[in-house]
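Enquirer: Only the shape, not the letters, is given here:
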Ligand SMILES: NC(=O)CCC(=O)C(=O)O
């Protein structure tokens, strides 16, 4: 299927992350981001992986999470402004009072913060629920004519989240991740399912490398609303690039009218539940 109209060039920063070393991670990601913005075409949007500041150093997280997310926000904002690029800053461990959130911050090209989203579903297999506090709001991001829904890693196992965002106007789902072996098939299948069932782009940036015996496989992906893979990374560090077009979403939704054919009155979970923010702070 061909793409028409205004497209956005996206670059996924598929990086390795050093556990428990926020400054080293910032320096390393910064180098990769500098490389990404030299790309041709220059990306309109950079997406980073999950928990890029600390990795899953959960037993030290109270000491090393970013207080109030201030350092993270300042750094991402100034990069966005300096290079005139939008950034969805993956997620960082952020400390608010004595609570730690797994939080995504997003910025427009001027460096203005356009959203913040804290992971809603905590992943017990990696002990998140013992150390982190879950977010409590769905978040959409306005990316120059393309409305994106925010999600983080394990969140993609909950189809209600992507569906709620799509029903509220999202045409793209953003997914920063630290998703390891042996669940590559789950990753690729769930991402494709979210794209096909919601007829939306899925833009997913996973880390690579190993930490404490866990191997992260990369395979960052851009999937179009027809389910075609626009770009997919390998298992080592790289910048994965591709273009997304809001018009293709409209075309696919016109071709198979899934949203018009829904029967919400018959579904078990009839209530929409929480309102969707335009980018709340972690709470
Ligand atoms: N960081 C995460 O949320 C990992 C999720 C994961 O690996 C899964 O299988 O789900």
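Expert: Everything's here; your move. None of these values were measured; they are calculated from a predicted model.

Enquirer: And residue 58, how far from the ligand?
Expert: As judged by C-beta to the nearest ligand atom, to the nearest Å, residue 58 and the ligand stand 11 Å apart. Where you see a C-beta, it was placed from the backbone N, CA and C, and this is true even at glycine.

Enquirer: hmm, I was thinking of residue 116
Expert: Going from residue 116 to the ligand by C-beta to the nearest ligand atom gives 18 Å.

Enquirer: just residue 174 next, same as before
Expert: Residue 174 sits 14 Å away from the ligand, going by C-beta to the nearest ligand atom.

Enquirer: you'd agree that residue is in a strand?
Expert: Yes: Residue 174 sits within a strand when classified using DSSP: H, G, I helix; E, B strand; the rest coil.

Enquirer: where along this structure do the helices fall?
Expert: Counting by DSSP state H, the chain has helices at residues 22-37, 61-64, 70-83, 128-131, 159-167, 184-198, 246-255, 258-261.

Enquirer: who wins for proximity to residue 228 among those?
Expert: With C-beta to C-beta as the measure, helix 184-198 is the member of these nearest residue 228 (8.8 Å).

Enquirer: Could I get the buried residue list for that closest one?
Expert: 187-188, 190-196, 198 (16 or more other C-beta atoms under 10 Å).

Enquirer: got those residues as a markdown table, with pLDDT and distance to residue 114 columns?
Expert: A markdown table is the format used below for the buried residues of helix 184-198 (pLDDT from 0 to 100; distance: C-beta to C-beta, whole Å):
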| residue | pLDDT | distance to residue 114 |
| --- | --- | --- |
| 187 | 99 | 27 |
| 188 | 98 | 29 |
| 190 | 99 | 26 |
| 191 | 99 | 24 |
| 192 | 99 | 27 |
| 193 | 99 | 27 |
| 194 | 99 | 22 |
| 195 | 99 | 23 |
| 196 | 98 | 27 |
| 198 | 98 | 22 |
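
Enquirer: quick check, nearest of these to residue 135?
Expert: Ranked by distance to residue 135 (C-beta to C-beta), the buried residues of helix 184-198 are led by residue 194 at 18.5 Å.

Enquirer: Could you find the closest non-adjacent residue to the closest one?
Expert: Using C-beta to C-beta, 6 or more residues apart in numbering and skipping the chain neighbours, the partner closest in space to residue 194 is residue 162 (4.6 Å).
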